[in-house]
Structures are given as C-alpha cells and as structure tokens.
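# Generate a structure from the sequence data that follows.
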Amino acid sequence: TKLYIQHTQNTMASLRTTFEKEIRNRLAQKSTSNQSEEQILAKCFKFFDLNNNGVVEFNEFVKAVEKIGVQTFTREQLRDLFEYYDVDGSNSVDYKEFSSLLYGIPSPKKPTS
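Just a heads-up that it's a prediction; the model follows:
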C-alpha cells in the first residue's frame, strides 16, 4: 500500500510538472513582452474565468485548457489537476490558487491518494 501511494504521488507530481510547463509556455506565446508578470497573470486568469465571476470552475478550466491548445491530458487527469489546485476545496480555483498554478508554487494541500 505504501509503495502504491508513493507511485500515485510521483505520477501526480509528474503530471503537474508537465501541465504547468505546458500552460506557462502556451500563455507566454499569447502575451506581449512589454507586460509585467502581474499583468500577464491577470490576463491569463481572465482567459480562464470565462463567466467573469472571479473564480474558475472545472468546466471553464477544461474549456480554457482546450482553447490554449493543451491536448495531452485526459478529462480525468484534468479533474485530478483541478482538484489539486483547488486548495480550499471550494470546487473553484481563485486568483491566488491560479497564480500558484502558473508560477509552480507548491500547493499546501496534500495529495489525497
């Protein structure tokens, strides 16, 4: 059981690393070089927050990832990633949680598997 948990954690860490790198690369391609990091981050958050309510729900997350052109993840993997980034368990990702996604700041939430 301990070995399985370690394998699951390693798999999730690898998935997160790949996803975060891909998202940053795709979003960097869409930004202009004269913008500050904060401006780019705010613009990216608005890109994900499709209904403009200040948080990103799972369906918005999936649509934005697809719109960016990241197609290497299954819906189940995206669900796992979304739940990981949803640190407070609110079923949405707020600006602070989103910024940790883009800048690779580790989530304080421990993996559940």
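
# ok, and what's touching stretch 16-23?
Residues outside stretch 16-23 that contact it (C-beta atoms under 8 Å, 6 or more residues apart in numbering): 65, 68, 70, 72, 73, 81, 84, 101, 102, 104. All C-beta atoms are positioned from the backbone trio N, CA, C, and that covers glycine.

# Any of those buried? List them.
Buried by 16 or more other C-beta atoms under 10 Å: 65, 68, 70, 73, 81, 84, 101, 102, out of the contacts of stretch 16-23.

# so where do the strands sit in the protein?
Along the chain, counting by DSSP state E, strands occupy 56-57, 92-93.

# how near is residue 28 to residue 37?
11 Å (C-beta to C-beta, to the nearest Å).

# nope, residue 86 is what I was after
Going from residue 86 to residue 37 by C-beta to C-beta gives 23 Å.

# if you count what's nearby, which of the two comes out ahead?
residue 86 (21 against 11; other C-beta atoms under 10 Å).

# Now for this structure, the helix or strand with the poorest mean pLDDT.
Lowest by mean pLDDT, DSSP states H and E among the helices and strands of the chain is helix 2-30, with a mean of 69.

# ok, back up a step: got JSON lines for the contacts of stretch 16-23, with pLDDT too?
Compiled in JSON lines, the contacts of stretch 16-23 are given as follows (pLDDT from 0 to 100):
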{"residue": "65", "pLDDT": "86"}
{"residue": "68", "pLDDT": "79"}
{"residue": "70", "pLDDT": "78"}
{"residue": "72", "pLDDT": "79"}
{"residue": "73", "pLDDT": "85"}
{"residue": "81", "pLDDT": "88"}
{"residue": "84", "pLDDT": "88"}
{"residue": "101", "pLDDT": "74"}
{"residue": "102", "pLDDT": "73"}
{"residue": "104", "pLDDT": "61"}
